[in-house]
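> Turn this into a structure:
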Amino acid sequence: MVAPPTITAPATALGLERATWRAEIAATAKLALPIALTQLGQVAMMTTDLALIGRLGDGAVAAVALAQLILFSGFVLGMGPMSAVAALASQAFGARRPRMVRRALRVGLWAAVILGIPINVAQLWGEDILLAAGQSPQTAALAARYLMGLTWLLIPGWWFIAIRNFMGAVNRPEPGLWVTLAAIPINGVLAYALIHGAFGLPRLDLLGAGVASTLVNVAMCGAAIWICYARRPFKKYRVLGRFWRPDWRLLRQLFVIGVPISGAMLLEWGLFSSAALLVGWIGTRELAAHQIALQIVSLLFMIPAGISTAATVRVGHAVGRRDGAATRRAGFGALALGAGFIAVATVIIVASRDVIPLAFLGSDAAGRSETARLVGALLLIGATFYINDALQGIAAGALRGLNDTAMPLAFAVVSFWLVGFSSAYGLAFHTYLGVFGVWIGFSLSVALFAALLIWRFHLLTARHYMPALA
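Here you go, the predicted model:
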């Protein structure tokens, strides 16, 4: 009797392939979770500050909003080079070049100083900038007082982010989370004391809030440096070793990778900021609903943002090993992980869209039922927006692991402004959609951006593209 043909080998190969993908997704999730929680922790600190400042009155809240507009504009300029640290350091780690890991961090710290000094000095003219923009003298003066307290926050803030990215690149992101969790209560107590003059400290109102934020960022940066010198595996890198040694070639590469990242971030942020102006033209109630819905989206995006950084690291590791198959698997594994998370989150938000506004509108929500209804409708329309926003962030992170940032910048111009702003404006004011048209414009822009970025990553990894290592 002739034995039937065996299918053991193909089945084994298929099982091995599935196991490899599961292992990749699990490794990405393990890396992404502490990064995402760290970012949520920083949002918690900002929320605490705003709650404390809110007790000073509406004028103080308005002044802080304007001051943060100036601060955030400068902050985003440095976020690109700080993100590039993750790409360069992870590639070096994958290639088993520990000295290059340190060099990648070192040029990131240099870039923070080079960018931070002129931006911080420019903040000192914040009042003049706001007056030139047509803001009231009283609000501009309050914003300038807050900015004065924030002077020199950017450099330690960027240093902490660069060190966090270095820690992630060597597969140990947890200390960044520990430092952030410890900083949340310290920030709250110090901000309260300096704003209101408690615990024997002077009463500095808005200036105190800014000083507290600066001091906490300096402390977080110092703690991160101490951890790097006190704990394995970081201490073997001697992160500040030969800090003054010139490394102009690698610094140039950091800016070549990082500046387009900053540009894309500014384009996206500019679209969302301008959308508030568009909605403000429609009506106050619509603007309130828009801001609440957008805040929910911002909080939701923290998890995909963590997965995005993890994608940069995992792709960078594979690039360092010159492993084309692993590079592709790292990027698409991160996309699968992000899509799974955001799909579950979207179902929860859509199902609870009528309840979520109550957390923002307070006990008087019944008296503002129309605003609550608008928030719920926007959250429903945003169902397609959430997943596309997550995918575009993760795909951008995967491309950073390939040092591919110039083309995504071009995609951002087309997606966010040629398509996104144009469609948001047209649908809002040339149809009966109003604020819903703005959100449909959002959805179109991020859907296009996500599709272009995923196509770009597929194109590069299908032919096993490998960037030149530093």
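
> Local confidence estimate at the residue lying closest to residue 315 once chain neighbours are set aside?
Nearest residue to residue 315, sequence neighbours excluded (C-beta to C-beta, 6 or more residues apart in numbering): residue 401, at 2.8 Å. For the C-beta atoms, the positions are set from N, CA and C on the backbone; glycine is no exception. We have a pLDDT of 93 for residue 401.

> Over to residue 71?
pLDDT for residue 71: 85.

> tell me the contacts of it?
Contacts for residue 71 were tallied using C-beta atoms under 8 Å, 6 or more residues apart in numbering; they are 123, 147, 150, 153, 154.

> Format these as a markdown table; extra columns: neighbour count.
Below are the contacts of residue 71 laid out as a markdown table (neighbours: other C-beta atoms under 10 Å):
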| residue | neighbour count |
| --- | --- |
| 123 | 21 |
| 147 | 29 |
| 150 | 24 |
| 153 | 23 |
| 154 | 24 |
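
> so which two of those residues are the farthest from each other?
By the measure C-beta to C-beta, 147 and 154 form the most distant pair in the contacts of residue 71, at 11.4 Å.

> What are the phi and psi values at residue 16?
phi -60, psi -40 (degrees, to the nearest 10).

> before we move on, what about residue 429?
Main-chain torsions, residue 429, degrees, to the nearest 10: phi -110, psi -10.

> What of residue 418?
Residue 418 adopts backbone torsions of phi -60, psi -40, taken as degrees, to the nearest 10.

> With residue 133 instead?
phi -90, psi 0.

> show me what contacts it?
Contacts for residue 133 (C-beta under 8 Å, 6+ apart) come out as none.

> Same question for residue 416.
By C-beta under 8 Å, 6+ apart, the contact list for residue 416 reads 267, 268, 270, 271, 445, 449.

> for residue 184, same thing?
41, 44, 45, 48.

> Next, give me the two most distant ones among the contacts of residue 416.
Across the contacts of residue 416, no pair lies farther apart than 270 and 449, at 13.7 Å, counting by C-beta to C-beta.

> who has more neighbours, the two?
Taking other C-beta atoms under 10 Å, residue 270 and residue 449 do not tie; residue 449 has more neighbours (28 against 16).

> so which strand or helix has the spatially most central residue of the chain?
Nearest residue to the geometric centre of the chain (C-alpha atoms, centre = their mean): residue 305, 5.6 Å. Using DSSP states H and E, residue 305 maps to helix 302-321.

> try residue 213
helix 205-230.

> Would you mark the buried spots in that helix?
205-221, 223-225, 227-228 (16 or more other C-beta atoms under 10 Å).

> And for stretch 289-306?
Quick answer for stretch 289-306 (16+ other C-beta under 10 Å): 289-290, 292-294, 296-297, 300-306.

> Then stretch 142-157?
Neighbour counts over stretch 142-157 (16+ other C-beta under 10 Å) mark 142-150, 152-157 as buried.

> what residues does it touch?
Residues outside stretch 142-157 that contact it (C-beta under 8 Å, 6+ apart): 59-60, 62-64, 66-67, 70-71, 74-75, 78, 112-113, 115-117, 119-120, 123-124, 126-127, 130, 135, 204-214, 217-218, 220-221.

> same deal with stretch 164-175?
Here stretch 164-175 makes contact (C-beta under 8 Å, 6+ apart) with 31, 34-35, 38, 82-83, 85-86, 89-90, 92-93, 101, 104-105, 108, 176, 224, 227-228, 231, 233-234, 237, 239, 309-310, 313, 316.

> Looking at these, which are in strands?
Among these, no member is found in strands (DSSP state E).

> What's the PyMOL syntax to select whichever of those residues are buried?
Filtering these down to the buried ones (16+ other C-beta under 10 Å) takes a single PyMOL command:
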select buried, resi 31+34+35+38+82+83+85+86+89+90+92+93+101+104+105+108+176+224+227+228+234+237+239+309+310+313+316
